[in-house]
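A.B. asks: fold the stuff below for me.
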Amino acid sequence: MQYRRIGDVQVSAIGLGGMPMSIEGRPDETRSVATIHAALDAGITLIDTADAYQVHADEVGHNELLIARALASYGGDTSDVIVATKGGHLRPGDGSWQRDGSPEHLRQACEASLKRLGVDAIGLYQFHRPDPTVPYEDSVGALRDLLDEGKIRMAGISNANPEQIRLADSVLGGRLVSVQNQYSPRFRSSEPELVLCDELDIAFLPWSPLGGISSAAELGSRHQVFGRIAAAHGVSPQQVCLSWMLAKSERVVPIPGSSRPETIRDSAEAVNLVLDEAELAELG
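C.D. replies: The predicted structure follows:
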């Protein structure tokens, strides 16, 4: 496995997105744990989650608890695994998403995530989504305080624009280490944020890099150039997609979601796929 950097910490160049294992259509726990174990076997050391990855209102933190159980039951060394979780987004149980970026909520959410993960400090804590009712600097200020108190080891933001990235880094005193935005072959509007992260030496973590749960399997047919290059290399279109992202910048660490061991194993192999300049130019 190749490695990249988030802050001063080395992580695998491909991470695991945990959301598909906890929201609608999720598999049973046995398969989910097997998926996490397969990721660890493949050398993946970054696992992304959030307290809102759940279905029902009474199971907040479902994915965090699942990851904690999977790590505890793994037979190998997990001391280098970074669990990145998020707060500030909520699912009340009716299928909708709500936001609460108040400092009070973020502190409470972080404390609850600490307990569910069973750790003294969260490896990477991220503000999940801007709350239009709360000044952005106040929300990020809560992360600054948690960082200063040692509740979290690193701070990041998600679903942010360039102005918010610069503001967050300022509020955190230059300690912003990651930005997690949607980015995929069909969703490229986060290019400015990717470029800014490269400029500021901040990790860029594309979420839904394969196009989302419902369309990841169809990536090669939806975007035929990815399918054609994949066929030429004898690999999956998903590997081509992740390799293309890795080539964008050394600061890019894709976090494909997975709910099956075979798909995360395939994604992890993307670090071994080298695309030439002509192929990368064709992919855009």
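A.B. asks: who touches Glu29 in this structure?
C.D. replies: 66, 69 (CB atoms under 8 Å, 6 or more residues apart in numbering). All C-beta spots, glycine's among them, are computed from the backbone N, C-alpha and C.
A.B. asks: can you rerun that using 7 Å?
C.D. replies: By CB atoms under 7 Å, 6 or more residues apart in numbering, the contact set of Glu29 is Leu66.
A.B. asks: which residues of the stretch 151-284 of the chain fall in strands?
C.D. replies: According to DSSP state E, counting those that start in this stretch, the stretch 151-284 of the chain carries its strands in the segments 155-158, 176-180, 203-204.
A.B. asks: helices and strands around the last one, which ones?
C.D. replies: Just to be clear, that refers to strand 203-204. On a contact count with 3 or more CB pairs under 7 Å, 6 or more residues apart in numbering; DSSP states H and E, strand 203-204 meets strand 176-180, helix 191-200.
A.B. asks: what's that strand in contact with?
C.D. replies: 5-6, 177-179, 193-194, 197, 249, 251-253.
A.B. asks: ditto for the first one
C.D. replies: Contacts to strand 155-158, defined as CB under 7 Å, 6+ apart, come from residues 86, 124-129, 140, 143, 147, 164, 168, 172, 175-181.
A.B. asks: and Ile122, its phi and psi?
C.D. replies: Ile122 adopts backbone torsions of phi -80, psi 130, taken as degrees, to the nearest 10.
A.B. asks: wait, Pro256
C.D. replies: phi -60, psi 140.
A.B. asks: leaving out sequence neighbours, find the closest residue to it.
C.D. replies: Ser267 (4.7 Å; CB to CB, 6 or more residues apart in numbering).
A.B. asks: got a list of what the one you found touches?
C.D. replies: With CB under 7 Å, 6+ apart, Ser267 has these contacts: 14, 238, 242, 256, 258.
A.B. asks: what about the helices in the stretch 101-250 of the chain?
C.D. replies: Listed in chain order, the helices of the stretch 101-250 of the chain (DSSP state H, counting those that start in this stretch) span 103-117, 136-148, 162-171, 191-200, 219-222, 224-233, 237-248.
A.B. asks: how far is the longest one from where the chain is centred?
C.D. replies: Relative to the mean C-alpha coordinate of its chain, helix 103-117 is positioned 18 Å out (CA atoms, centre = their mean, to the nearest Å).
A.B. asks: kindly format the C-alpha coordinates of it as PDB.
C.D. replies: Output of helix 103-117 as PDB, limited to C-alpha atoms (Å, rounded to 0.1, in the frame of the first residue of the first chain):
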ATOM      1  CA  PRO A 103     -20.500  24.900  19.300                       C
ATOM      2  CA  GLU A 104     -22.600  23.300  22.000                       C
ATOM      3  CA  HIS A 105     -23.800  20.600  19.700                       C
ATOM      4  CA  LEU A 106     -20.400  19.900  18.200                       C
ATOM      5  CA  ARG A 107     -18.800  19.500  21.700                       C
ATOM      6  CA  GLN A 108     -21.600  17.100  22.700                       C
ATOM      7  CA  ALA A 109     -21.300  15.200  19.400                       C
ATOM      8  CA  CYS A 110     -17.500  14.900  19.900                       C
ATOM      9  CA  GLU A 111     -17.900  13.600  23.400                       C
ATOM     10  CA  ALA A 112     -20.400  11.000  22.300                       C
ATOM     11  CA  SER A 113     -18.200   9.900  19.400                       C
ATOM     12  CA  LEU A 114     -15.300   9.500  21.800                       C
ATOM     13  CA  LYS A 115     -17.300   7.100  23.900                       C
ATOM     14  CA  ARG A 116     -18.600   5.100  20.900                       C
ATOM     15  CA  LEU A 117     -15.200   4.700  19.400                       C
END
